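Colleague: no sequence on this one, just coordinates:
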Ligand SMILES: *Cc1c(COP(=O)(O)O)cnc(C)c1O
Ligand SMILES: [Zn+2]
């Protein structure tokens, strides 16, 4: 078996590098990407081979940069693609689906990238894995490192939600809370990565890590009976997920798994951290870094590494990027929960509120087959809704009191 990786290739100048834990081109400082041996992929990749694979994201192993026989797999992926007719009606849309990635082992889409990164890190011979995280990555690295028997160092901003800190700490990592923003944590990690022989999943292992995101696109296509949707709405933090959703659809077409079909990709940000949305709306290419201030902490990257590429992908596919206020975010969390029974975190609120805005603007059409990515679980960000929901009534255990209150509800 093994994997089908041939080289790392610079996204800007196409220079090739050996398959090593590196992530930046020495000549132009462009990001490195995994390049596969296309003949080998073609020989081992078909609808039949996929369907015969494991019931996890590893069924797409020929297009992942690590060997399936070595995989660290907690059962990541094959999350439900749920029709959302009641939400569609509320938003004035037609055929709408929720890709429910809350249903992953550590309850977010980050398990997709981490399963690949930790597998590859172990193949490279690393004994310690690490990451800079806005929360969900911390959960996932800690969980996968535990299962793989690797040491882990997880760096987070100290002001993260309790629900993200505790649900990371339980897996027993070395959890480093830093007084600073995510961007400062990330810069610290880049410095640490230069000193210590650790696999930072989103620094020196980033080219491998990022490929895991493609599996969300692969699954959507498989779950739509081997076809592509018309429009996908994707939350943006670093912008990596958005670019990889596009790449995933493109690879399925390239290898003849699905018929060609244009997919518009739209991006979602919080107004309190909207560097990519701002660039998109201003019609400029350069992403100007911002200082985040939003309840959507999982998306709070002020200087997004793939922001430029995400913005370009949205423009090239005819999508749009919007940003929404904290109030719109929690309202959309409740809208999703109360129409479809899915409790997503603040990032899901960002996605659904953005979808609502795009529907109002006519950017997303009633005739389109739309998929919205719900990438993390609401139980991890209870603070966002705690002030806005609660018991309908609080009563003594007495029938008369209940009946009285019930009739006064009308
Ligand atoms: C990390 C994250 C994203 C987006 O990640 P990118 O950095 O843009 O790839 C989206 N949703 C949630 C819940 C996340 O944790
Ligand atoms: Zn280069």
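Modeller: Looks like it arrived, so ask away. The model shown is predicted, which means the values in this text are computed figures rather than measured ones. Residues are numbered from 1 along each chain as shown. Ligands and ions are numbered 1, 2, ... in the order given.
Colleague: How many residues are close by the residue lying closest to residue 10 once chain neighbours are set aside?
Modeller: Distance criterion CB to CB, 6 or more residues apart in numbering; nearest residue to residue 10, sequence neighbours excluded, is residue 25 at 3.8 Å. Where C-beta positions appear, they are placed from N, C-alpha and C, glycine not excepted. The number of residues packed near residue 25 is 20, by other CB atoms under 10 Å.
Colleague: Roughly how far does residue 25 sit from residue 15?
Modeller: As judged by CB to CB, to the nearest Å, residue 25 and residue 15 stand 6 Å apart.
Colleague: swap in residue 362?
Modeller: 43 Å.
Colleague: Residue 299 now?
Modeller: Counting by CB to CB - residue 299 and residue 15 are separated by 32 Å.
Colleague: Looking at the two, which one has more neighbours?
Modeller: Neighbours per residue, other CB under 10 Å: of residue 299 and residue 15, the larger number sits with residue 299, 31 against 15.
Colleague: surely that one meets residue 239?
Modeller: No: counting by CB atoms under 8 Å, residue 299 does not reach residue 239; the two are 10.4 Å apart.
Colleague: And the pLDDT for the residue nearest to residue 10?
Modeller: Note on residue 25: pLDDT of 97.
Colleague: OK, contacts around it?
Modeller: 10, 12, 13, 15, 17, 31, 32 (CB atoms under 8 Å, 6 or more residues apart in numbering).
Colleague: Which one (most neighbours) among those residues?
Modeller: The most crowded member of the contacts of residue 25, judged by other CB under 10 Å, is residue 32 (23 neighbours).
Colleague: so it, which of the three states?
Modeller: What DSSP: H, G, I helix; E, B strand; the rest coil gives for residue 32 is strand.
Colleague: how far away is it from ligand 2?
Modeller: As judged by CB to the ion, to the nearest Å, residue 32 and ligand 2 stand 8 Å apart.
Colleague: before we move on, what about residue 321?
Modeller: Counting by CB to the ion - residue 321 and ligand 2 are separated by 26 Å.
Colleague: Would you agree that residue is in contact with residue 281?
Modeller: Yes: using CB under 8 Å, residue 321 is in contact with residue 281, at 7.2 Å.
Colleague: Would you mind listing what in this protein touches ligand 1?
Modeller: Residues of the chain lying close to ligand 1 by CB under 6 Å from any ligand atom are 108-110, 136, 235-241, 298, 345, 347, 375-376.
Colleague: who are the neighbours in contact with residue 330?
Modeller: For residue 330, counting by CB under 8 Å, 6+ apart, the contacting residues are 295, 346, 349, 384, 385, 388.
Colleague: Same question for the residue in the stretch 101-250 of the chain that ligand 2 sits nearest to, what's its three-state structure.
Modeller: Taking CB to the ion, ligand 2 has its nearest neighbour within the stretch 101-250 of the chain at residue 207, 12.7 Å off. Under three-state DSSP, the three-state class of residue 207 is helix.
Colleague: again with the one 10 residues further on
Modeller: For residue 217, the secondary structure call by three-state DSSP comes out as helix.
Colleague: Could you list the low-confidence segments of the protein?
Modeller: By pLDDT under 70, the weakly predicted segments of the chain are 1.
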